[in-house]
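[1] Here is a sequence with its predicted model. Questions after.
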Amino acid sequence: MGERPMVCRWGWCGALALLLAGLSAGGAAAADADSAELVRVEAAVDRALEYLAAKQDASGSWPHGLSQQPNSGIDALCLLAFLGRGHVPGRGPYRETVGRTVEALLASRRPDDLLVRAGGHSHGPMYEHGLATLALIEASGWVTTPGMRETCQAAVDLIVKAQNREGGWRYQPKPQDADLSVTVMQVVALRAAQNARLDVPQETIDNAIRYVKTCARPEGGFSYQPGQGVKNAQSAAGALSLALLGRFDDPAVAGALESLQKREYRPQMDDYFHYMNYYSMQAHFQAGERQWAAWHPRVRGVLLDAQNTDGSWPGWGEERLNGQAKCYSTALATMALEVYMHYLPAYQR
């Protein structure tokens, strides 16, 4: 198993250094090819951010095609895409773009601490809340006001309270049923919270591990809920969840990654292809050099070839655009490529 990545928002280092670490002389040609491809990755990310910046409205929100109303989750994804390239509040060419969304997400806080914009469109509040919590925690590295930290802690506290007795989370901020799709979003937010030295009870972490493992399948991979069949997106989500919860070497992680690697990699491999990519790139990165090398060239090749001339990415059926901006797909594709830039709330040993 390769060296564990030790990176987070507060500890940038060169992606190329990681990719070259431990390479033999025989791998030099491959390293040179990767170096050239990283130039293409950076250019693709920059074009995508130009596209997203042009689509943001004055309220700090982005269109998502499902409704005219704002969605905190989509806004958080777009904000994370900018943060992942190093565009942070108060500085740089996108400081106003980033700042508007940070303010909008802070203002979205409800009396019960749920980060869902009033009057907004919501598929499931805990989806949006998990993403908004992650985005604000990442932004809190530069917005260091007491109000920011208090909002982040309150958002984390809501996640803790909403965990059900099996250890997972579902659509509503109530401890009822659970699924892995919502659970992974809370896990990533909690890992970022730990990195930011916010209070996360160890019991919450232990229970989350327990739930994620119930979704592992003996044949390799993870299911949406315990007892169901393997899903590619859930295999990525389950592997990353266990890694961020500190269980890098759990056999279920390797089983899930191997399950993904056996599949023909193409947009039709999952109904939620961009969602799968977002988690699969991080999961393979966390797993070490061998697993990373087996996966990232596939993702990079497909995404670089499929980017539209305006900088966006196609939704591939994952969103119903109805002629509106492809901000959801573009933000997730951007973040998948930004894994090369070490944008991860990684587990710290």
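    That came through fine.
[2] When you work out contacts or count neighbours from here on, use the C-alpha atoms and nothing else.
    Noted.
[3] how much space between residue 165 and residue 126?
    Note on residue 165: its distance to residue 126, by C-alpha to C-alpha, to the nearest Å, is 17 Å.
[4] neighbour-wise, which of these two wins?
    The neighbour count for residue 165 versus residue 126, taken as other C-alpha atoms under 10 Å, is higher for residue 126 (27 against 14).
[5] Wait, a helix at that one?
    Yes: Residue 126 forms part of a helix when assessed by DSSP: H, G, I helix; E, B strand; the rest coil.
[6] pretty sure it is touching residue 174, no?
    No: between residue 126 and residue 174 there is no contact under C-alpha atoms under 8 Å: 9.3 Å.
[7] Can you tell me the closest non-neighbouring residue to the residue positioned nearest the centre of the chain?
    Nearest to the mean C-alpha position of the chain, by C-alpha atoms, centre = their mean, lies residue 278 at 5.4 Å. Nearest non-adjacent residue to residue 278, counting by C-alpha to C-alpha, 6 or more residues apart in numbering: residue 336, 4.9 Å away.
[8] And the one you found, what's its pLDDT?
    Residue 336 is assigned a pLDDT of 96 by the prediction.
[9] now residue 326: how far from residue 304?
    Residue 326 sits 16 Å away from residue 304, going by C-alpha to C-alpha.
[10] and these two? which has more neighbours close in?
    Neighbours of residue 326 and residue 304, each counted by other C-alpha under 10 Å, are more numerous for residue 326; the result is 24 against 18.
[11] Next, the contact list for the more buried one, please.
    64, 65, 312, 313, 314, 315 (C-alpha atoms under 8 Å, 6 or more residues apart in numbering).
[12] do residue 295 as well
    261, 281, 284.
[13] host element of it?
    Applying DSSP states H and E as the criterion places residue 295 in helix 289-306.
[14] mind saving the C-alpha coords of that helix as PDB?
    The C-alpha trace of helix 289-306 is given here as PDB (Å, rounded to 0.1, in the frame of the first residue of the first chain):
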ATOM      1  CA  GLU A 289       0.100   5.100  -5.400                       C
ATOM      2  CA  ARG A 290      -0.900   1.800  -6.900                       C
ATOM      3  CA  GLN A 291      -4.600   2.300  -6.700                       C
ATOM      4  CA  TRP A 292      -4.300   6.000  -7.800                       C
ATOM      5  CA  ALA A 293      -2.300   4.900 -10.900                       C
ATOM      6  CA  ALA A 294      -4.900   2.400 -11.800                       C
ATOM      7  CA  TRP A 295      -7.700   4.900 -11.800                       C
ATOM      8  CA  HIS A 296      -6.900   8.600 -12.400                       C
ATOM      9  CA  PRO A 297      -5.800   8.300 -16.100                       C
ATOM     10  CA  ARG A 298      -9.200   7.000 -17.000                       C
ATOM     11  CA  VAL A 299     -11.000   9.900 -15.300                       C
ATOM     12  CA  ARG A 300      -8.600  12.500 -16.700                       C
ATOM     13  CA  GLY A 301      -8.800  11.200 -20.200                       C
ATOM     14  CA  VAL A 302     -12.600  11.200 -20.300                       C
ATOM     15  CA  LEU A 303     -13.100  14.600 -18.600                       C
ATOM     16  CA  LEU A 304     -10.400  16.400 -20.700                       C
ATOM     17  CA  ASP A 305     -11.800  15.100 -23.900                       C
ATOM     18  CA  ALA A 306     -15.500  15.800 -23.000                       C
END
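[15] Dump the helix or strand following it to PDB, keeping only the CA atoms.
    Per DSSP H and E, helix 289-306 leads on to helix 327-338 as the next helix or strand towards the C-terminus. Extracted C-alpha coordinates of helix 327-338, given in PDB (Å, rounded to 0.1, in the frame of the first residue of the first chain):
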ATOM      1  CA  CYS A 327     -23.100  24.200 -13.200                       C
ATOM      2  CA  TYR A 328     -23.700  21.000 -11.200                       C
ATOM      3  CA  SER A 329     -21.800  18.800 -13.700                       C
ATOM      4  CA  THR A 330     -19.100  21.400 -14.300                       C
ATOM      5  CA  ALA A 331     -18.400  21.900 -10.600                       C
ATOM      6  CA  LEU A 332     -18.100  18.200  -9.900                       C
ATOM      7  CA  ALA A 333     -15.900  17.600 -12.900                       C
ATOM      8  CA  THR A 334     -13.700  20.500 -11.800                       C
ATOM      9  CA  MET A 335     -13.400  19.100  -8.300                       C
ATOM     10  CA  ALA A 336     -12.500  15.600  -9.700                       C
ATOM     11  CA  LEU A 337      -9.600  17.200 -11.600                       C
ATOM     12  CA  GLU A 338      -8.600  19.300  -8.600                       C
END
